[in-house]
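Participant: Here is a sequence with its predicted model. Questions after.
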Amino acid sequence: MKKTLSALLSLALTAGAAGAADYAVRQQWPLDGAGRWDYLDIDTAHQRLFITRGDRLQALELASGKVAGEVGGLRRAHGVAFAPKLGVGFVTSGDADSVVVFDLESLKTRSEVRVSGKNPDAVLYEEDSGKLYTFNGKSADVSVFDAATMAPKATIAVKGKPEFAVSDGRRIYVNIEDKNQIAVIDIATDKLVAQWPLAGCDEPTGLALDAAHKRLFSVCGNGVLAVTDAASGKAVARAAIGKGADAVVFDAASATVFSSNGEGTLTLIRQTDADHYATPVTVKTFKGARTMAMDHANGKLYLPTLVEQRFTVLVTTP
């Protein structure tokens with residue numbers, strides 16, 4: 001029997017969902033000024049939280065929230081990624097059409113490299129291949145570099161505006177925001193091998209991967225979480241999330257999907273198995289908290305936003 005969209009929208013209930021409601025904003029880390037911000041990520045080796053903030057990349061100590069330093073001179077920074085074995089990080093400078101390489105220890109800039117496209121947004125370091133990928137929003141393509149030397153290797157057209165991307169070590173998956181699709185790139189050849197439609201999902205942005213079950217999670221502009229089979233591209237499930245989501249995290253330890261929503265909520269959805277998901281649980285945050293990063297060692301979530309016109313990181317914990 002073929003699954004209809006209405007059937008996909010009907011998700012299984014589970015008692016485990018109740019535990020997700022224990023999440024709440026426990027701390028607020030007020031920082032300097034306001035301004036722009038976008039994606040953030042955690043460098044676990046140095047226990048630092050990195051946040052892109054328009055003209056700079058700011059690093060905070062995870063233990064205290066104190067500013068550890070920054071990478072300056074950026075022009076509309078978007079995404080950040082780390083290559084721990086190389087001792088470097090990467091941050092996209094969208095308006096400069098470049099990616100900046102910085103030292104993870106000292107935070108000093110090592111180099112700035114032009115990408116082959118326009119407005120690099122998300123960035124992904126693929127450790128097994130040693131490649132760096134930037135996803136260029138205004139040229140509908142992906143720039144590929146040898147991460148160790150930053151020598152260009154390829155440019156991949158993806159036929160739409162690429163947003164966030166994830167890798168399973170064999171393929172890279174990237175949301176195509178203006179086409180409501182997931183594009184699939186073969187890492188060995190750096191070729192586009194598939195484009196999967198996301199039925200019922202408008203303007204997908206954040207993307208996460210459950211590697212064990214081969215499931216992709218896309219958050220969509222119309223308040224939908226789309227679950228996709230990463231092997232076949234088939235739609236698995238749909239669930240309601242808050243409006244204005246821009247990031248999604250899957251935590252394998254708790255089998256939970258987290259969606260950060262700009263309306264001022266955090267949606268939590270427990271996974272009962274690869275194809276079944278619990279009734280969503282909503283946790284109140286603050287308006288504008290649309291992006292996030294998770295420390296998977298303890299389940300803490302970090303969500304930046306403005307609180308009383310001051311840039312603030314919300315620390316949300318179980």
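Facilitator: Received it, and whenever you're ready, just let me know what you need.

Participant: Distance check, the nearest residue to Thr52 once chain neighbours are set aside against Val99.
Facilitator: Leaving out its chain neighbours, the residue that sits closest to Thr52 by C-beta to C-beta, 6 or more residues apart in numbering is Ala77, at 3.8 Å. To be clear about C-beta, it is placed using only N, CA and C from the backbone, and glycine gets the same treatment. Applying C-beta to C-beta, to the nearest Å, the value for Ala77 to Val99 is 10 Å.

Participant: which neighbours do the two share?
Facilitator: Taking C-beta atoms under 8 Å, 6 or more residues apart in numbering as the contact rule, Ala77 and Val99 both touch 91-93.

Participant: Would you mind pulling up the elements that the helix or strand harbouring Ala194 packs against?
Facilitator: Element membership for Ala194, per DSSP states H and E: strand 191-197. Using 3 or more C-beta pairs under 8 Å, 6 or more residues apart in numbering; DSSP states H and E, the elements in contact with strand 191-197 are strand 151-157, strand 181-186.

Participant: same question for stretch 264-278, mean pLDDT?
Facilitator: The average pLDDT within stretch 264-278 is 97.

Participant: Give me the buried stretch members for it, please.
Facilitator: Neighbour-count burial for stretch 264-278 flags 264-272, 275, 277-278 (criterion: 16 or more other C-beta atoms under 10 Å).

Participant: So of the residues you listed, which two are at opposite extremes in space?
Facilitator: Greatest spatial distance among the buried residues of stretch 264-278 (C-beta to C-beta): Gly264 and Asp275, at 30.6 Å.

Participant: Not counting its own residues, what contacts stretch 55-69?
Facilitator: Contact with stretch 55-69 is made by 27, 29, 31-32, 35, 42-43, 47-51, 70-77, 80, 91, 100, 102, 107, 295, 313, 315, as judged by C-beta under 8 Å, 6+ apart.

Participant: For ChimeraX, write the selection for the buried entries among those.
Facilitator: A single ChimeraX command is used to select the members of these judged buried by 16+ other C-beta under 10 Å:
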select :29,31,42,43,48,49,50,51,70,71,74,76,77,80,91,100,102,107,295,313,315
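
Participant: Out of the contacts of stretch 55-69, name the ones that lie in helices.
Facilitator: Among the contacts of stretch 55-69, none falls in helices (DSSP state H).

Participant: just the CA coordinates of the strand or helix carrying Val25, formatted as PDB?
Facilitator: Applying DSSP H and E as the criterion places Val25 in strand 24-30. Output in PDB follows, covering the C-alpha atoms of strand 24-30 (Å, rounded to 0.1, in the frame of the first residue of the first chain):
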ATOM      1  CA  ALA A  24      14.400  24.500  29.500                       C
ATOM      2  CA  VAL A  25      16.500  27.600  29.200                       C
ATOM      3  CA  ARG A  26      18.700  27.400  32.400                       C
ATOM      4  CA  GLN A  27      21.300  30.100  31.700                       C
ATOM      5  CA  GLN A  28      21.700  33.300  29.600                       C
ATOM      6  CA  TRP A  29      25.100  34.500  28.400                       C
ATOM      7  CA  PRO A  30      24.800  38.200  27.500                       C
END
